[in-house]
Structures are given as structure tokens and as C-alpha cells.
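K.L.:
Here is a sequence with its predicted model. Questions after.
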Amino acid sequence: MSVYARKSAVERVIGVAVLVFVLFAPQLVSGFWMDTVLTQTFILGIGAASLVFLSAYGGMISLAQAGLMGIAGYALGNMVSERVAGGETKGLLLGWDPTLSVVLAILLTVGIGILFGAVASRSFGIYFLMLTLTYSVIGFLFVSQVTQVGGFSPIAGIDRYTPGFMGDVVNDRQRLYYVSLLVAIVVYVLIRYLVRTPFGIALEGIRDEPTRMASLGFNVTLHRTVAFAIGSLIAALGGVLFAWWSGQLSPSDIGLSATIQLLVIAVIGGLTRIEGAWLGAFAYIWISNEVTNRIPEDGLWVVGGTFNTVIGLAFLAIVIASPDGLMGVWDRIWNGLRSRGGPGEPAVAAGSAGSQA
Amino acid sequence: MSRRNAWKLVLPLAVLALGTTLLATSALGASGGVVRVAVMTDCKGAFGGAYEVGAAGANIALAQFAGGKVKNKKKPSAGITGAKAGGKNIQVVGYGCGDDTPATILKETRRLMQQAKADVMVGPLSGDEAVAVANWAKARPTKTVIIGTAGSQDPTLQIAPKNVFRYHGDGAQWNAGIGEIVYKKLGWRKAAIIMDDYSFGWTSGAGIIADFCAIGGEITKRVFPPLNTTDYSSYVRQLPPPGQVDGYFWVVGGTGTGPALKAFEQAYGTIKPTQHSGNLFLWFLTGFQDVAPRLIGSYVGGFGTAPGLKGKAVNQYHAFAKKTYPSLTNANFDDGFLYNYYQGTKALVDGLNKSGGAVGVRLQNALPRTLSAPFNISNGGNVKLDSNRQAIQDQWPVQIVKGPNGPTVTLTGYVPNVDQSFGGLFTKSSPAPGRTQPPCVKKTLPWQGKIREVKNGAVTNTVIK
Amino acid sequence: MLALGAAVGIALWLWLYRTKTGMVIRAGVDDRQMTSALGINIQVTFAIAFAVGAALVALGATVGTSQGNISQGQDGVWLLNSLVVVIIGGMGSLLGAVAGSLLFGLVTAFSAGYLPTASADCCTQYSPVLTFVLMALVLAFRPRGLFGREA
């Protein structure tokens, strides 16, 4: 068996093991672990997956994904909260049916994503990056300054108005856990399927050689816009789940800090492979949780007391050692094996995302 | 692979291995017989400097009323041991670290209240954080929250869950009385107000507007510079010129106070102290030293504390606080950031003593509805809680005067028994303070006509007419 | 401040377009490997360019904050502002930097002053958003900024 086939087999085994673990996790781990660590891993992983999809297969590093997640959550919050005595006072308080609101929130976010994508798809490289960063900042300024839609204080109580199938999200976190897991699996399968379709392959071609693809007759701008729209659909799903998980949305869930958080997650996991999204999310949440708990009262030697410093250093260490993140480390182990042995193995360049898909 | 590149593999794997070991050992046990308390302040963001000060306030109260011993006299966040109340040990599970945003405070809340299983939170520090925590607490009736020093109105008015308590005034209450003082003493009838376009700016401004309009004044213009403005000239231009109004209220804070005042001088000429007033942001005179001398004589809103007040309770408070943390000064002890945490923790100890160490709903029933307060004179020196568990507190407007080392503030007025509703103006169903809230209406406030002059730290019997 | 800005701009242009180091920097940006193959130490050159950039930033910061204010967290604000200026103007072009910063400054100042304040609840709150909307508009019609070159 070639090294590559062996690697795929090992990955499949690991994948099944992880799946079995998460299916039974609520019985195995504490409530805090299930709710704060694992559910959040799934949700942030979905958001990071939209980023990794766009960067790995579209060559577009989009910093708008966190913003789109937040927009979906805000749309849901505004539509779902009602004007009742003793209830929420922030936002539009439309009081629509929760299931309808979920659908509308996702549609609205995808619509905004199409708009953003249409404007951004003619720009490449750093211009695209900056433009999408701008979208996040515009979103942040919009929800904080336009107080009718939210304002600086959070819109709360979103978890009190959930569609029937969600049950009581406030008290029964298990159902939210399983729904998030299901959505994460669906998103993963969707992305893996998409990149094998003609659309996906054309997208990868546009990632590599946009001018050549244009001369072959492909509409580069349209492809990129559609890819961006798919990314915003994934982000919208993540945003709705996040709104249910957190129950509250504030402008900082759209702005610069949320964007950086998602970027750090994606980079730690690996911007070249989809699995990296969830691996990075888990690593980030776990590190930030454990570090905050273990920092001594006096702060760490030299670097001081804040956990952001530690996360920053860990991020730096991972990125310097392996620019492709944790998944890159995994790939490199296998590439090392490949170049060393295996009779008749052609020398293959390391870590190109397209060949792993 | 070559040895030179091997380290690139080893390093992340080592991190992962270390991580997995830590993961396996991260057991969080729960033990009975202990009351777990989380002290939530900000260590980053706009109020990052208040971290140690808030921790100090909580620790001083635990030392004074629960027999605790601080671990480090120079660093309050190092913690405290040996505190007991109601027959149980009090364990501070952590000093939470917010950054003035709701997202971070929720993260810290989950960490301290859910993972570390704290029963009570003393905090948070800032307005928006308190709104997030109040919403969180509404869904968790067995946890108790005693607000640290947050000034937002919602947690105890519009949201007001049964397990959230606040033993100090909110941002609007802090400014009670200042509108009436400038109306009566300076003869202001028309004024403009410029406030940070942000929830605390709106809340603080709401108190000024409500007070000034209630007695008959008129706010002709409201201007809202966004946060992080560095150039205030365009916003100052929106203010009416000095001929059209009698005065200006300034609710611009952080590092913006100085530049905003300087921009005003550039636009409309030298500042006259009788034409300018504002909220507690104008206490921090070192931020605008070049403008401060021209503000000598201005009347400025309070913070719920009374620096310079003479009295036995104040002296006792200062003496014990100084003994606990000798490196802090009276200026720190008079700072609302420390004092409000002190009062909140004092209430917690009282409540635990009464409930016999029980937490949850029994603690919430046992928490005191009147609490002794060094900076309160009414009610025999106690603050009272209203039906929403919000304090009714005396307020102390100040005046900027010449001091030995330059301009300083001194107490000038005593406003008794200020409640959150401002005589019914703010209710559960009224929207939170914002750009158009509250409207400018004439009203009778409970403290109207009862404000007394304060001279040299002592309350006189002269009512301000 | 205007005179200082103009002087710095002209000095920078002279340095980049009329001296040998400036020429090497421009060559390195265009084709790094070729320049290096010609025997020029491109690492040192780029380090010099970075140092000059840092010096310019320091100058701007000290002059700017003596006029305004500074606090912890201000770096995030200025990071965004400078990104917007560079993107509007286009990378790799001094004229673009001038155009970008002028446009940015004018939009910031005048949007605050002239956005209609019809009611207390309208329109001044959009003033922070306008500069970013400006950038989005510029990029919609000129994807590389006003005077940008190939990214």
C-alpha cells in the first residue's frame, strides 16, 4: 500500500474514533466540558471551516467570516425577541416565529454575503483581505451605533425563543450539543463534496491561476462570488448556533476581536485542510481555558499575567514551527515517511492542499 | 527528514503531549462546606487600571468583616485567606479579568461560575458587562450576583432578576443634584450637553438631563462624539455658541476630556467656569491640566462617594483600609471602584452570617436590605435597597477649586436619598438611556429643594435656593 | 503640521526615487530574487526600509498625539485607519498615500460636521462607518486602490 493510501486509512480510523467519542461524550465528560469546550468547538469550528474553505480552495483569506456569523446571530436576535413586559429591551423586538426567523436570518446573511462577495471578488491578495476586514468593522460599527438594531449592550434572551426541535436550550444543553455536532458533520461533508464537483475544481483553478482560467472562458468574478456566498452560508449556520449557545450577542461578537479569534483558530488548525478548522477550535478553546485557570496569581515569569500573552506565544510557536498549523504537522510526518521510503514512490512536493482533497 | 528540520516536528508534538497530560489531570473537584466567591473586575480595556483597586475593595471588606488575612499587602489580586462567614470558609476562586466587553465577561463568568463553581459573584465592573451578567443570571436563579461598580441602568431596572443586587447608585443617580445646582446657583435655563456616544455616556447624561429638566431647565442640543474620537472639533462645532445657551454639560471621558475642552476653546474662546459643568469625568483633572485652572469654580457631578467628608464612619473606614493595604491612599479608598466593591462584599458577609453560610435563594433572601455605608448620612448612615434590589444612595456633587498643588475637587452639595427611578421618570418599561432617552420634562423629584450645602467636608443646614 | 507632512512626503519621495538605496528598495519590491542575484544584500535593504517606516510612524505618532490624545487600545484604532488609507490610496504608491490620507481625513472631519442631524437619532452615528464605506466604494470600482499597482 502506498504511503498516501496508508495515510488516508489512518485518518479514516482516527476520524471514526473521534466521531464515536463525541457521540458519547455527554456521558463521558463533565457538563462544563460538554457545554463550554466541545459545543463551542463545533460552533467555532463551523465558523473557521468557512474561512478555511475560502482560503484553501478559493485562495481567498476572508476576514469577514466572524462578522457574518455575528450578523446572522444579530438578525436572529432582532427577529426573535418580543416586546413583552420584563423581557428584552434591545433590538427591533419583532417577535417572529423562531423557525421562520432562523431561515430568514440565514437568508439575510447569505444575501449580505453575496453583496460583500460581489464587491470584493475583483480584488486579490491583500486587497481582498483588507476589504473583508472592513466588512467586519462596518458590521461592528453598524450594530453598535445604530441602537435600534442593538447598541453597545448585548441583545439577550435569544436562547429563550428556539424552534420546537431545539427544546429548552437554557436548561437542556445536550440537545444543543447534538444539533451542533450534526451541523458540523453536515458542513464538513458538504465541503468535501463541493470540492469534487466541477465548481470546486474550477475554484481551485481560479485560486492558482486566475488569468489563465479567465482566458479559458471561466467567469472568475462569478465563481469567487458564489464561493463567498457558500462561505457566508456556513458562517450563518455557525452564527445561529452561537446565538443559541451564548444566548446573548454584543458588538464584540462581530468586530475585530472576534475576527482575530477566528483567524487564530484557522491558522492554528491549518489553513490548508478543512479538518484543521475543528482541530484549531479545540486547541484554542482548550488552551485559553486551561491557561486562564492555571496562570498563577502573580502572573507568569517575564510575560506577566494575561492569558492573551500565552495564547499569542503558543500561536507564534505553532506558526513558526509549522506555517500550515497543526494539520500541517500531521501532513509533514507523512511526507517525511514518503520521501524516505516506499519503492517507486514519486517525490511529491509537500503539503499542497489540492492533492489531499 | 533531516535533523535540522526535526525540531519543527518535535516542538508542536511536545506542546501536544504536554497538553494531553494537562488535559488528563485537569480535574475540577467540588467540595462542600465552602462558599465560593468570584470577584469580577476589568484587567484590560478602558478600565484595566481598576483591577487591583477592585480586588482591594473586596479584600478589605473580607478582612474587616470576615476575619480574612490578605496574602500580599502590595498586591490585592494575590488574594486573601482565612475569611469565614456564617460558619463556612469563604474561598475566592478567582479575580476575573474583563475588558469592558460583554463577550469577554461572559467567558470569564462561565469560567468562574460554571467551571470553578463559584456561588456568588461580586462584580462586574462596567455597564455593558453588567447587562450581560444580569441576563446570564436571570437564567440561573441559584447563583447570586452583587454588582461591583457598574453604572448601567438595565441590570436593576429593566432586567432586574431576583438574584442581582446593587449596593450603589447607577450612572444616572451619580449625577443627581448637579442640574438643580447649576439652575439655582448659576441661573442656567438653557443648556447643551455633549456626551460620549456610548452606553455609559448616555446613562450619565441621562442623570444630568433628568435633573436639569425636572426643575425647569431646557436641554436645547445633544451632541454625541463616538468613542475613540481624537479630533473633537467637528463635534464641538455642533454645539450652540455661548450666546445661545447658558451653559454646557460635558460627559466626555477617558482621554477625550482634555482634547474636547481644548477644541471648545479653539472654537469659542476661553472657557468660563460658570458656563461649564459635567459628570465625574471632570474629576480627573490631571488629564487636562492646561484647561483645569480655567475650570476653577465649576460644579461637577458625583460618584456616590464623598472625598473629604468628615465623620467617624469615614475615619474608621480609612483607618482599617490603610492598615490592610498601606500602599494605597485615601484617594484610592474614596474611589468608587474600591468603595463599591467594599460595600458589595460587606453585604455578602452580612448575608452569609444571616443565612448560616447557605447560598442560592436562601442567601438572596438573607442579603441585607439596609447596609451601613461610610459615605451615606441619611437613614442613620445606611443605604437602603428598593424593590428591585437597587440602592437608594446619597449623592455628593463637587466643585473644582484651587488647591495647594493645583486645581482639585471639593464637596459642595449633599443630595439625600437618590433613587434609581428619578421620581418615576425611569420605569421598568421605559427604554434604557440613549440618544433621545430621557426626554426633557419638568417633574418633581424626591430630592428637589432638599439639596444642602457642604462646606469643608461638613454638611450645613443651608438648603440651596 | 501641514508643512511637516509635506516636507516629510517630499523627503521620502526624494529618498526613494533619487538615491541609490531607494532604487535598490524599489528593485527589490519588483523582483526580489533578481536583485539578490545581482549581489545586493536584500535582507539588509528591506530591514533599512522597515526601519525608515518605523521612524515615519514614530514621527506621525508623536506629532499626532501631541495634538490629540492617546490611551491604551489606541493602536487598534490607528491600525485600522492606516490600513484604510493604504488601501484607498493603493499599495506601492506615494501619491496614493497622499491621496488616501487626504480623502480619509476629509471624510472623517466633514462627515462628523455635515451629516444631517435631522433628529437626535439620525445620522451622526453613521460618521464612523463612512470612512469604511468609502474604502469599499473605492475598491468596488478600482480593485487595487486609486493609484495601486499589481498586488
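P.N.:
Structure's in. What do you need?

K.L.:
residues near B:Val53, how many?
P.N.:
B:Val53: 23 surrounding residues under other CB atoms under 10 Å in any protein chain shown. Using the backbone N, CA and C atoms, a C-beta is placed for each residue, glycine as well.

K.L.:
Contacts only, for it.
P.N.:
B:Val53 sits next to B:41, B:76, B:328, B:332, B:335, B:337-338 when contact means CB atoms under 8 Å, 6 or more residues apart in numbering or on different chains.

K.L.:
swap in A:Val183?
P.N.:
Here A:Val183 is in contact with A:42, A:46, A:237, A:241 (CB under 8 Å, 6+ apart).

K.L.:
Excluding sequence neighbours, find me the nearest residue to the second one.
P.N.:
In this case it means A:Ile46. If the residues on either side of it in the chain are set aside, A:Ile46 comes closest to A:Gly238, at 3.7 Å by CB to CB, 6 or more residues apart in numbering or on different chains.

K.L.:
do you know how far the one you found is from B:Gly187?
P.N.:
59 Å (CB to CB, to the nearest Å).

K.L.:
now the helices: where do they sit in the stretch 1-150 of chain B?
P.N.:
Assigned by DSSP state H, counting those that start in this stretch, the helices in the stretch 1-150 of chain B fall at B:3-25, B:51-66, B:102-109, B:127-138.

K.L.:
Now the residue nearest in space to the middle of chain B: closest residue in space, sequence neighbours ignored.
P.N.:
With distances taken as CA atoms, centre = their mean, the residue of chain B nearest its centroid is B:Thr149 (3.5 Å). In this structure, B:Thr149 finds its nearest non-sequential neighbour in B:Asn340, 3.8 Å apart by CB to CB, 6+ apart.

K.L.:
Could you check which helix or strand contains that neighbour?
P.N.:
Using DSSP states H and E, B:Asn340 sits within helix B:336-355.

K.L.:
Spell out which parts of chain C neighbour chain A.
P.N.:
Applying CB under 8 Å from any CB of the partner chain, one finds that chain C approaches chain A through C:76, C:80, C:83-84, C:86-87, C:91, C:121, C:125-126, C:128-129, C:132-133, C:135-136, C:139-140, C:143-145, C:148, C:151.

K.L.:
Confirm that B:Lys310 lies within a helix, as I assumed.
P.N.:
No - checked against DSSP: H, G, I helix; E, B strand; the rest coil, B:Lys310 lies outside a helix; its state is coil.

K.L.:
and it, how many neighbours does it have?
P.N.:
13.

K.L.:
which residues of the chain score low on pLDDT?
P.N.:
No chain in the question, so chain A it is. A:1, A:84-88, A:295-307, A:340-357 (pLDDT under 70).

K.L.:
try chain C instead
P.N.:
Those would be C:68-69, C:71-74, C:116-125, C:150-151, if you go by pLDDT under 70 across chain C.

K.L.:
element containing the residue nearest the centre of it?
P.N.:
The geometric centre of chain C, computed from its C-alpha atoms, lies nearest to C:Val86 (CA atoms, centre = their mean), at 4.1 Å. Element membership of C:Val86, judged by DSSP H and E, is helix C:74-89.

K.L.:
Quick check: buried residues in that helix?
P.N.:
Buried residues in helix C:74-89, counted by 16 or more other CB atoms under 10 Å in any protein chain shown: C:74, C:78, C:80-89.

K.L.:
And stretch B:61-69, by the same measure?
P.N.:
Taking 16+ other CB under 10 Å as the criterion, stretch B:61-69 shows B:61-66, B:68 as buried.

K.L.:
In contact with B:Arg111, which residues?
P.N.:
A:289, A:292-293, B:94, B:96.

K.L.:
Any chance of the residues you listed in CSV with neighbour count and distance to A:Gly164 as columns?
P.N.:
What follows is the contacts of B:Arg111, written out as CSV (neighbours: other CB atoms under 10 Å in any protein chain shown; distance: CB to CB, whole Å):
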residue, neighbour count, distance to A:Gly164
A:Asn289, 21, 32
A:Thr292, 21, 37
A:Asn293, 16, 37
B:Gly94, 23, 39
B:Gly96, 32, 36
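
K.L.:
Going by distance to chain C, which of the residues you listed wins?
P.N.:
B:Gly96 (19.1 Å; CB to the nearest CB).

K.L.:
Mind pulling up the pLDDT for the closest one?
P.N.:
Per-residue pLDDT puts B:Gly96 at 87.

K.L.:
What's the separation between it and A:Ile43?
P.N.:
Taking CB to CB, one finds B:Gly96 at 23 Å from A:Ile43.

K.L.:
How about C:Ile40?
P.N.:
For C:Ile40, the distance to A:Ile43 - CB to CB - is 50 Å.

K.L.:
More neighbours: which of those two?
P.N.:
Shown here are C:Ile40 and A:Ile43; by other CB under 10 Å, A:Ile43 has more neighbours (26 against 14).

K.L.:
ok so that one is a helix residue?
P.N.:
Yes - the assignment for A:Ile43 by three-state DSSP puts it in a helix.

K.L.:
Can you mark which positions in the longest helix seen in chain C are buried?
P.N.:
Ranked by number of residues, the top helix in chain C under DSSP state H is helix C:42-67. Neighbour counts over helix C:42-67 (16+ other CB under 10 Å) mark C:42, C:45, C:49, C:52, C:60 as buried.

K.L.:
so which of these comes closest to B:Ala306?
P.N.:
When the buried residues of helix C:42-67 are compared for distance to B:Ala306 (CB to CB), C:Gly60 wins out at 44.1 Å.

K.L.:
Extract the CA atoms of stretch A:227-242 and return them as CSV.
P.N.:
In CSV, the C-alpha atoms belonging to stretch A:227-242 read as follows (Å, rounded to 0.1, in the frame of the first residue of the first chain):
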residue,chain,number,x,y,z
ALA,A,227,-17.7,30.7,-3.2
PHE,A,228,-18.0,33.7,-0.9
ALA,A,229,-21.8,33.1,-0.7
ILE,A,230,-21.2,29.5,0.2
GLY,A,231,-18.8,30.6,2.9
SER,A,232,-21.4,33.0,4.3
LEU,A,233,-24.0,30.2,4.4
ILE,A,234,-21.6,28.2,6.5
ALA,A,235,-20.8,31.1,8.7
ALA,A,236,-24.6,31.9,9.1
LEU,A,237,-25.2,28.4,10.4
GLY,A,238,-22.4,28.9,12.8
GLY,A,239,-23.8,32.2,13.9
VAL,A,240,-27.3,30.9,14.6
LEU,A,241,-25.8,28.1,16.7
PHE,A,242,-23.7,30.6,18.5
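
K.L.:
Buried residues, stretch A:27-40. List them.
P.N.:
Result for stretch A:27-40 [16+ other CB under 10 Å]: buried residues A:32-40.

K.L.:
Cross these against helices and list the overlap.
P.N.:
The helices, defined by DSSP H, take in A:32, A:40 from these.

K.L.:
quick one: what helix or strand has residue 143 in it?
P.N.:
Answering for chain A, as no chain was given. helix A:125-145.

K.L.:
so how far is the helix or strand following that helix off the chain centroid?
P.N.:
Proceeding N to C from helix A:125-145, the next assigned helix or strand is helix A:173-194, under DSSP H and E. What separates the centre of helix A:173-194 from the centre of its chain is 12 Å, taken as CA atoms, centre = their mean, to the nearest Å.

K.L.:
Stretch B:319-329 now?
P.N.:
That offset, for stretch B:319-329, works out to 21 Å (CA atoms, centre = their mean).

K.L.:
buried residues in it?
P.N.:
Neighbour counts over stretch B:319-329 (16+ other CB under 10 Å) mark B:320-322, B:324-325, B:328 as buried.

K.L.:
Is there proximity between that stretch and chain A?
P.N.:
No - Stretch B:319-329 does not reach chain A (CB under 8 Å from any CB); its nearest approach is 15.6 Å.

K.L.:
That stretch spans what distance, first to last residue?
P.N.:
10 Å (CA to CA, to the nearest Å).

K.L.:
tell me the mean pLDDT over that stretch?
P.N.:
On average, stretch B:319-329 scores 93.

K.L.:
and if you look at stretch B:178-189?
P.N.:
For stretch B:178-189, mean pLDDT is 94.
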